[in-house]
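Peer 1: Model the following, please.
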Amino acid sequence: MAPPRAQPVLPYSPVSRATLQDHVYVRLRELILTGGIEPGRTVTVQSLAEAFGVSAMPVREAMHRLVAEKALTNVAGRSVGIPFLSPERLADLQRVRIEVEGTAIGWAAERMTPEEQGPLDDLIAEMEEARQQGDRARYVPANRAFHFTIYRASGSDALLSIIESLWLQIGPFFNLLGASDAWGASNDHHRVMRAAIAGRDPAGARLALQRDIDDAALMLGKVLGEDAVPAPRAKRRTAS
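Peer 2: Here you go, the predicted model:
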């Protein structure tokens, strides 16, 4: 009787440390973009590790990456927070976004297929419904999805990476724009972008995007003021 044949190795591999770190990094990025870490507040390595169900090490490594990308700032000890958005920094991000995102939407307008353009209509409808209901939890991610559907169609991974970095820096503050008037103006710009893309009009798409970015920066400046959102500070320990 022949000896039993060894079972072949299954085509799976254990989750590596790098994979876990990347997973935590992606989740922490999403938390930042969706307003899970509010400007002016701090979070600790331990609190995030508990929330994600992982050890402190991958959280700490993800934090270091996001600090290097200027999405987070070290506060004290093991705490981090959203960097303070000064008027000067807001203006700088505004200028860079117009140039970089303007290039992306211009390229996208020249190459987006009708199939790629289709989701834009659904996202515009989603944002309009969210605006009417004052639903920030729906509006903010739909707005991001609309923009990045366009930017991904630019055909440039390098450009997309730069834009993602810019949104990590400005994105948390979009959650402060809760006024439906602000969303209404932005929706108007989105419709113009959509029409320009459908008409293969790169210049028109760039102009509509610039107006969208300019309006958002203007409204953020009014909401923030100079000291409306202070730099994050570590919590003081109370004597026991």
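Peer 1: Grab the nearest non-local neighbour of residue 111.
Peer 2: residue 155 (6.1 Å; Cβ to Cβ, 6 or more residues apart in numbering). Heads up, the C-betas are built off the backbone N, CA and C, glycines and all.
Peer 1: and stretch 207-218, C-alpha only, in CSV?
Peer 2: This file holds the C-alpha atoms of stretch 207-218, laid out as CSV (Å, rounded to 0.1, in the frame of the first residue of the first chain):
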residue,chain,number,x,y,z
LEU,A,207,-12.4,76.5,-14.6
ALA,A,208,-15.3,74.9,-12.8
LEU,A,209,-13.0,73.0,-10.5
GLN,A,210,-11.0,76.2,-9.7
ARG,A,211,-14.3,77.9,-8.7
ASP,A,212,-15.2,74.9,-6.6
ILE,A,213,-11.8,75.0,-4.8
ASP,A,214,-11.9,78.8,-4.4
ASP,A,215,-15.4,78.7,-2.9
ALA,A,216,-14.5,75.9,-0.5
ALA,A,217,-11.4,77.8,0.6
LEU,A,218,-13.4,81.0,1.1
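Peer 1: can you list the weak-confidence ranges in this structure?
Peer 2: Counting by pLDDT under 70, the ranges of the chain that qualify are 1-18, 178-180, 226-240.
Peer 1: domain ranges for it?
Peer 2: 19-81, 87-224 (automatic domain parsing).
Peer 1: how about the helices of the protein, start to end?
Peer 2: 17-33, 45-52, 56-68, 87-111, 114-133, 136-152, 157-174, 180-198, 202-224 (DSSP state H).
Peer 1: Touching the shortest one from outside, list them.
Peer 2: Same thing as helix 45-52. 24, 27, 28, 55, 56, 59, 60, 63, 78 (Cβ atoms under 8 Å, 6 or more residues apart in numbering).
Peer 1: next one: the fifth one
Peer 2: Residues outside helix 114-133 that contact it (Cβ under 8 Å, 6+ apart): 135-136, 138-139, 142-143, 145-146, 149-150, 153, 180, 183-184, 186-187, 190-191, 194, 197-198.
Peer 1: Among those, the buried ones, what's the ChimeraX command?
Peer 2: Burial among those is assessed by 16 or more other Cβ atoms under 10 Å; the matching ChimeraX selection reads:
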select :135,136,139,142,143,145,146,149,150,153,180,183,186,187,190,194,197
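Peer 1: Stretch 204-220: which residues count as buried?
Peer 2: In stretch 204-220, counting by 16+ other Cβ under 10 Å, buried: 204-213, 215-217, 219-220.
Peer 1: Ok, stretch 158-176 next?
Peer 2: Quick answer for stretch 158-176 (16+ other Cβ under 10 Å): 159-160, 162-164, 167-176.
Peer 1: roughly how far apart are the most centrally placed residue in the chain and residue 155?
Peer 2: Per Cα atoms, centre = their mean, the C-alpha nearest to the average position across the chain is that of residue 33, at 4.0 Å. Per Cβ to Cβ, to the nearest Å, residue 33 is found 23 Å from residue 155.
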